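Asks: Got a predicted structure plus its sequence, pasted below:
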Amino acid sequence: MPDIIKIINQMPQIVADDWQLIRDSAPSEHQTFAHKIFPFAALNDPGNAAVFDQVQAVWIAPDDDFEASIATLLRMQLIAVDFPSFRDGRGYSIATLLRTRYGWNRELRAVGDVLRDQLNYMRRCGFDAFAVRADKDIRDTIKSFSHYTVQYQGAVDNPLPLFRKRHGGTE
């Protein structure tokens, strides 16, 4: 079982991943859905409507139009957002939308090309779990959270900008 980084009690920790990411197949009626993260695109296909209600977790690609199915997504146990390349920043917007506009309050996981330099920014956008790229050392990667001790601007994880914190939130 691979490890992931999860934010638990505001602290990043390395934990065993008890979910399996399914990359390229849709669920069928004859399989178990427990602890499997299926692609949203496969589930959103009208032919898979019957199994969509049984799925517990999905991953969203940057170009998926997930907002039309938001009611179904909000009942999931976990939503993962795929980063096909570290250069693709659309996942940050998806995370921010899920947390702020739609009120997602369960696990939001970053998957794909997830690297050390991105973790702090991903956390600020609302991610609370990170599946680090397989060829990277997760124990080295988790150290990136200690590199940033002050954030000037507000974000999903802390909406108050630094100048408001310094002045008691009254400016």
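Replies: Thanks, I have the structure now. Numbers count the residues shown, from 1 in each chain.
Asks: The residue lying closest to residue 102 once chain neighbours are set aside: neighbouring residues, count only.
Replies: Spatial nearest neighbour of residue 102, excluding adjacent residues (CB to CB, 6 or more residues apart in numbering): residue 70 at 5.6 Å. All C-beta atoms are positioned from the backbone trio N, CA, C, and that covers glycine. Applying other CB atoms under 10 Å, we find 13 residues neighbouring residue 70.
Asks: wait, residue 70 sits on residue 104?
Replies: No - contact criterion CB atoms under 8 Å: residue 70 and residue 104 do not qualify, at 9.2 Å.
Asks: Give me the buried positions along the strand or helix carrying the residue nearest to residue 102.
Replies: Using DSSP states H and E, residue 70 maps to helix 70-73. Buried residues in helix 70-73, counted by 16 or more other CB atoms under 10 Å: 72, 73.
Asks: for stretch 6-16, same thing?
Replies: In stretch 6-16, counting by 16+ other CB under 10 Å, buried: 6, 7, 12.
Asks: Can you pull up the most central residue in this structure?
Replies: residue 109 (2.5 Å; CA atoms, centre = their mean).
Asks: follow-up on the earlier one: any idea how far the residue nearest to residue 102 is from residue 59?
Replies: 15 Å (CB to CB, to the nearest Å).
Asks: Okay, now the unreliable bits of this protein?
Replies: Along the chain, segments meeting pLDDT under 70 span 25-33, 48-50, 147-155, 157-171.
Asks: for it, what spans make up the helices?
Replies: 40-43, 49-52, 70-73, 90-96, 119-125, 138-141, 162-166 (DSSP state H).
Asks: Columns distance to residue 84 on top of those, output as JSON lines?
Replies: Output for those, formatted as JSON lines (distance: least, CB to CB, whole Å):
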{"stretch": "helix 40-43", "distance to residue 84": "13"}
{"stretch": "helix 49-52", "distance to residue 84": "23"}
{"stretch": "helix 70-73", "distance to residue 84": "20"}
{"stretch": "helix 90-96", "distance to residue 84": "9"}
{"stretch": "helix 119-125", "distance to residue 84": "15"}
{"stretch": "helix 138-141", "distance to residue 84": "19"}
{"stretch": "helix 162-166", "distance to residue 84": "33"}
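Asks: Figure out which of the ones you listed is closest to residue 63.
Replies: Smallest distance to residue 63 across the helices of the chain (CB to CB): 7.6 Å, for helix 90-96.
Asks: Now do the buried residues in the closest one.
Replies: Residues of helix 90-96 classed as buried: 90, 91, 92, 94, 95, 96 (neighbour count, 16+ other CB under 10 Å).
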